[in-house]
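Trainee: Below are the sequence and a predicted model for it; my questions follow.
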Amino acid sequence: MFFNNTSATFKYQVNSGDTLYILAQKHNVSLEHILAVNPGINANRLEVDQTINMPLNAPVAVANIYGGPLRPQIAGTVILFDVPNGTWVCAEISGLPPYKPAAGGENPIGPHGFHIHEFGNCQIGDPADPFQAAGGHWNPSNQPHGNHAGDFPILFSNQGRANMCFLTNAFKPEQAIGKAIIIHQNPDDYRTQPAGDAGKRLACGIIQRV
Ligand SMILES: [Cu+2]
């Protein structure tokens, strides 16, 4: 998934009442664009629950991610697209640290806990425990960790690079503007409260309107 790739799509399940014309209007893309990414589709006979390709609209928000003192090599972007009922999130990150298995009571390094935190503040603060100014996980609906709006899948490093897109129905991109995205040193276990035992904060980026 790339920022400027006009053929980027996501899967959409047709609801009752949908027509391609209505979908084009709702998602601010052209009818021609929808037809182009669905070769052979019968535009006059959409069926409920049929899966079609929907072109991604322009991204709503982006966070430029920078590594802090524990891993200054990290750099990348996280891009938020508006999709029906939620947000399509794409992350492209480089410079992640080498994987290290758990040893001596220490958690493994990688795959990396990855979240939206509540404050859009990436000040480093204490270099031994950086980015505390970003606060805890963004959790507007007061859920347990594992179900925070800001809970993301872990970042999976491939020799330092991570590249993934995923769907979340926990928020719309607009709502996340002004918050911070944090990459942690350790995996998120999705059950330890309140932050999944993901450890120190390696990188931070503020979500900004495109
Ligand atoms: Cu976090």
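Mentor: The structure has been received and is ready for your questions. Numbers count the residues shown, from 1 in each chain.

Trainee: From here on, just use CA atoms for contacts and neighbour counts.
Mentor: Will do.

Trainee: Identify the residue spatially nearest to the most centrally placed residue in the chain, adjacent ones excluded.
Mentor: The centre of the chain sits closest to residue 89, judged by CA atoms, centre = their mean, with a distance of 3.5 Å. Among residues not flanking residue 89 along the chain, residue 80 sits closest, at 4.8 Å (CA to CA, 6 or more residues apart in numbering).

Trainee: domains for the chain, by residue range?
Mentor: 9-55, 61-209 (automatic domain parsing).

Trainee: Show me what the residue nearest to the centre of the chain is bridged to.
Mentor: Taking DSSP bridges as the rule, residue 89 bridges to residue 80, residue 166.

Trainee: which residues of this protein score low on pLDDT?
Mentor: Residue ranges of the chain with pLDDT under 70: 1-7.

Trainee: for the longest helix along it, which positions count as buried?
Mentor: Across the chain, the longest stretch assigned as helix under DSSP state H is helix 20-27. Applying a neighbour-count criterion of 16 or more other CA atoms under 10 Å, one finds 20, 23-24, 27 buried in helix 20-27.

Trainee: Quick one: those as JSON lines, columns for distance to residue 169 too.
Mentor: Listed next are the buried residues of helix 20-27 as JSON lines, based on distance: CA to CA, whole Å:
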{"residue": "20", "distance to residue 169": "22"}
{"residue": "23", "distance to residue 169": "18"}
{"residue": "24", "distance to residue 169": "21"}
{"residue": "27", "distance to residue 169": "16"}
